[in-house]
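**Student:** for reference, the sequence and a predicted model appear below.
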Amino acid sequence: MTENCVPNPDSNHLGTLAIIWHGDHLALLDQRQLPDQEIWLTYKDASAVADAIRDMVVRGAPAIGISAAYGVVLAAHQAGDTKDWRADIEVAIEVLAKSRPTAVNLFWALERMKTRLQACQSAAEAIAKLTGEAESIHAEDVAANRLMGRHALSVMGDEPMAVLTHCNTGALATGGYGTALGVVRSLWHANRLKRVYADETRPWLQGSRLTAWELQQEGIPVTLNADSAAAQILRQGDVRWVIVGADRITANGDVANKIGTYNLAILARHHGVRFMVVAPSSTVDMALASGEDIPIEERDGTEVRAVRGVSIAPDGVDVFNPVFDVTPAELVDAIVTEKGVIERPDRDAMQAMFATRD
Ligand SMILES: CSC[C@H]1O[C@H](OP(=O)(O)O)[C@H](O)[C@@H]1O
């Protein structure tokens, strides 16, 4: 990897992009360094992309899937035209699949790449076809995000409103524009947004380090709040919707998302605030019956015991650090995907919209 290899492209109509494909190498904006530094890292090696996903250089369910897809293309370049080219690419796919367990977008993207690979008869064909598939996955994600923005506004009411969001679900977490933050962008451009309250989102601080920064880049009014202030904010009554992303949505409408989302869903229901989940259909896993079946990633305790390397807890104290939780469907007022909106999601409604993925 080399640092600072590409300027940060200013494509603010999609937000600050985090993933740039250069035909034979991948550039990732190192999100561990934001908001203090914008450092781009270059990748030519599939296993290094797997490390980047595991270490959260790149994060966000759709962005993880897109990056892994480009990782498979890099594997095809690395394999070259040796007799084991196909096996080498298949090994790389397995390495990428082990990077993080919860966001189903990773496995959805790798399945698409695997299917494309099966049809290839030569190493050269594999490079060409896998490149096309990864670029399609990337472009489809941006198109889906824009469509979800339009679908969401159709159910949110016409008056300008305040919303509250959790974690980061913007251009930094996707191929561009964002999911929940894509809805925020759409509200803003439709002059229907008063303010976004952004939960800081401990322990990795996606809200304070990424969402506050991403929205400030575009002059979208954002107020950063401690996670523990969310109840008081909802009690004040100016927030009309809590809008979040997702890492996996199961066949009954249960939603896995950043830890603290379940808290917000309970608070929203208690305060009569509507709760919206925004995610492309690549986040839907109809093979899992309910949220009970979703693998929840637990990360190292150092993420809770320290912030930016500064200790905030006694050395060695035991830590429980699940980085996702599951919100039951009955607490969700709307699930928005590029296919449309499901209000009051349940198994039947999910089946009707997702019985067949395409
Ligand atoms: C549109 S991003 C979806 C999802 O991914 C984030 O998790 P992480 O930052 O750990 O990759 C968060 O759960 C977002 O809501």
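**Tutor:** Thanks, I have it.

**Student:** in contact with the nearest residue to N252 once chain neighbours are set aside, which residues?
**Tutor:** Spatial nearest neighbour of N252, chain neighbours left out: R347 (4.5 Å); criterion: C-beta to C-beta, 6 or more residues apart in numbering. Glycine gets a C-beta too; all of them are placed from N, C-alpha and C. For R347, the contacting residues are A251, N252, G253, by C-beta atoms under 8 Å, 6 or more residues apart in numbering.

**Student:** redo that, cut-off 10 Å
**Tutor:** By C-beta atoms under 10 Å, 6 or more residues apart in numbering, R347 lies in contact with T250, A251, N252, G253, A289, S290, A329.

**Student:** relative to the ligand, how far out is it?
**Tutor:** Noted for R347: a distance of 23 Å to the ligand, by C-beta to the nearest ligand atom, to the nearest Å.

**Student:** where are the low-confidence patches of the stretch 251-358 of the chain?
**Tutor:** Residues of the stretch 251-358 of the chain meeting the criterion pLDDT under 70: 356-358.

**Student:** got the residues of it near the ligand?
**Tutor:** Where the stretch 251-358 of the chain comes near the ligand, counting by C-beta under 6 Å from any ligand atom, the residues are N257, K258, V323.

**Student:** what about the last one, neighbour count?
**Tutor:** When you say that, I think you mean V323. Number of residues near V323 (other C-beta atoms under 10 Å) recorded here: 20.

**Student:** now swap in the one 5 residues further on and tell me
**Tutor:** For P328, the neighbour count with other C-beta under 10 Å is 16.

**Student:** that older thread, out of the contacts of R347, flag the one nearest to E218.
**Tutor:** Using C-beta to C-beta, the shortest approach to E218 within the contacts of R347 belongs to G253, at 31.6 Å.

**Student:** show me where the stretch 51-200 of the chain has its strands.
**Tutor:** Using DSSP state E, counting those that start in this stretch, the strands of the stretch 51-200 of the chain run over 161-165, 193-199.

**Student:** tell me the strands beside the first one, with direction?
**Tutor:** Read it as strand 161-165. Partner strands for strand 161-165, per DSSP bridges, with pairing direction: strand 193-199 (parallel), strand 239-244 (parallel).

**Student:** low-confidence ranges, the stretch 51-200 of the chain, go.
**Tutor:** For the stretch 51-200 of the chain, no range has pLDDT under 70.

**Student:** rewinding a little: ranking the strands paired with strand 161-165 by mean neighbour count, which comes first?
**Tutor:** Across the strands paired with strand 161-165, averaging neighbours per residue (mean count of other C-beta atoms under 10 Å) puts strand 239-244 on top, at a mean of 25.

**Student:** could I get the average pLDDT for it?
**Tutor:** For strand 239-244, mean pLDDT is 98.

**Student:** report whether the helix or strand that comes right after that strand contacts the ligand.
**Tutor:** Later in the chain than strand 239-244, the nearest helix or strand by DSSP states H and E is strand 248-250. No: taking C-beta under 6 Å from any ligand atom as the criterion, strand 248-250 and the ligand are apart, separated by no less than 9.5 Å.

**Student:** let's have the contacts of R347 in a markdown table, adding distance to S311.
**Tutor:** Below are the contacts of R347 laid out as a markdown table (distance: C-beta to C-beta, whole Å):
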| residue | distance to S311 |
| --- | --- |
| T250 | 38 |
| A251 | 43 |
| N252 | 42 |
| G253 | 40 |
| A289 | 42 |
| S290 | 39 |
| A329 | 40 |
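
**Student:** ChimeraX command to pick out the buried ones of those?
**Tutor:** Selection of buried members from the contacts of R347 for ChimeraX, criterion 16 or more other C-beta atoms under 10 Å:
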select :250,251,252,253,329
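
**Student:** looking at the contacts of R347, which are in strands?
**Tutor:** T250 (DSSP state E).

**Student:** ok, so of the contacts of R347, who is nearest the ligand?
**Tutor:** Comparing the contacts of R347 against the ligand with C-beta to the nearest ligand atom places T250 closest, at 15.2 Å.

**Student:** surely that closest one meets M350?
**Tutor:** Yes: at 8.1 Å, T250 and M350 qualify as touching, with contact defined as C-beta atoms under 10 Å.

**Student:** quick one: common contacting residues for the two?
**Tutor:** Common contacts of T250 and M350 (C-beta under 10 Å, 6+ apart): V284, M286, A329.

**Student:** could I get those as a markdown table with distance to D84?
**Tutor:** Formatted as a markdown table, the shared contacts of T250 and M350 follow (distance: C-beta to C-beta, whole Å):
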| residue | distance to D84 |
| --- | --- |
| V284 | 35 |
| M286 | 35 |
| A329 | 46 |
